[in-house]
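Novice: next comes the sequence, and after it the predicted model I'd like to discuss.
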Amino acid sequence: MLILDVQGVSFAYNCRPILSGVHFSVNSGEILAILGPNGVGKTSLLKCINAIHRPGAGIISVDGRDILQMQPGEIAREISYVAQQSETTCLTVFDAILMGRKPYIRWKVSDKDLKIVDAAIKRLHLEDLTMRYINQLSGGELQKVAIARALVQEPLLLLLDEPTSALDLKNQYEILSFLRRVVEEHNLAAVMTMHDLNTAMRFAHKFLFLKEGGIYAHGKIDEISSEMIGEVYGLPVDIHRFSGFPIVVPHDFHMAAGF
């Protein structure tokens with residue numbers, strides 16, 4: 001089932017073009033990795049999808065509805081957004097995750113809300129942190145809380161901006177394995193910006209390379225080639241397979257640069 005449809009989206013910031021003619025789609029059960037160098041518009045694209053930025057042109061639809069025609073509360077029930085940096089207030093971890101239920105809470109917190117929050121805490125192994133204040137957490141712990149809060153929104157679409165940037169190797173693997181399982185089992189869609197190509201190629205189903213504000217290439221993850229990576233990042237690479245997974249290996253930088 002089609003969850004996200006992006007057609008001809010362009011965006012400019014202070015009259016400076018950031019994105020131009022971007023188009024792609026994501027179905028239920030799929031994770032799309034948005035890839036590319038710094039400054040090509042990856043985060044801006046996520047913010048357009050979430051209606052934080054208003055595109056200058058194009059249409060973004062979630063479950064067949066134009067997001068620019070939706071109210072903020074409606075968007076919050078369809079889309080969860082995990083930013084690179086989460087706010088650090090004096091909420092406890094439990095209360096911070098419970099905030100993800102805000103689109104559904106009317107008069108008071110229900111037993112269902114509490115059960116959903118408790119389940120997310122257990123699935124992300126946050127039990128020992130529930131009464132800690134989030135401004136006392138490490139960057140990795142804070143990122144896991146932000147992901148838990150996004151999941152308790154029960155969205156159709158998850159947007160994650162560099163979701164593993166503050167996580168150590170073990171937590172990167174656990175979080176992305178968990179996200180992939182949730183997406184596939186619950187027929188959600190997810191869009192993630194990432195810098196780590198090896199991680200993206202292991203956990204995403206589809207990819208989209210941005211270059212100079214437009215789409216350079218997109219498709220299934222196993223269609224990524226060393227030539228694509230070299231053109232997008234300006235660095236020649238090889239792709240090898242180890243234990244069944246693709247691994248990107250850059251050429252010696254000095255040799256590639258002619259030094």
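Specialist: That came through fine.

Novice: which stretches in the chain count as strands?
Specialist: Here the chain has its strands, by DSSP state E, at 2-13, 16-27, 30-35, 57-62, 65-66, 79-82, 157-161, 189-193, 206-211, 214-220, 237-242, 245-250.

Novice: so which of the ones you listed comes closest to residue 141?
Specialist: strand 79-82 (14.1 Å; CB to CB). The way it works is simple: take the backbone N, C-alpha and C, and place the C-beta from them, glycine included.

Novice: give me the number of residues near residue 51?
Specialist: Residue neighbour count, defined by other CB atoms under 10 Å, stands at 19 for residue 51.

Novice: ugh, typo on my part, it should be residue 132
Specialist: Neighbourhood size, residue 132 [other CB under 10 Å]: 15.

Novice: please apply the same query to residue 94.
Specialist: Neighbouring residues of residue 94 were enumerated by other CB under 10 Å; the total is 18.

Novice: buried residues of stretch 148-160, list them for me.
Specialist: Neighbour-count burial for stretch 148-160 flags 148-160 (criterion: 16 or more other CB atoms under 10 Å).

Novice: next: stretch 42-55.
Specialist: By neighbour count, with 16+ other CB under 10 Å as the criterion, the buried positions of stretch 42-55 are 42, 43, 44, 45, 46, 47, 48, 49, 50, 51, 53, 55.

Novice: what's the closest non-adjacent residue to the first one?
Specialist: Read that as residue 42. Taking CB to CB, 6 or more residues apart in numbering, and ignoring the residues beside it in sequence, residue 42 has residue 193 as its nearest neighbour in space, at 4.1 Å.

Novice: ok, what's across the strand from that neighbour?
Specialist: Following DSSP bridges, residue 193 is listed with bridge partners residue 34, residue 161.

Novice: how about it, what does it touch?
Specialist: By CB atoms under 8 Å, 6 or more residues apart in numbering, the contact set of residue 193 is 33, 34, 35, 42, 43, 45, 46, 160, 161, 162.
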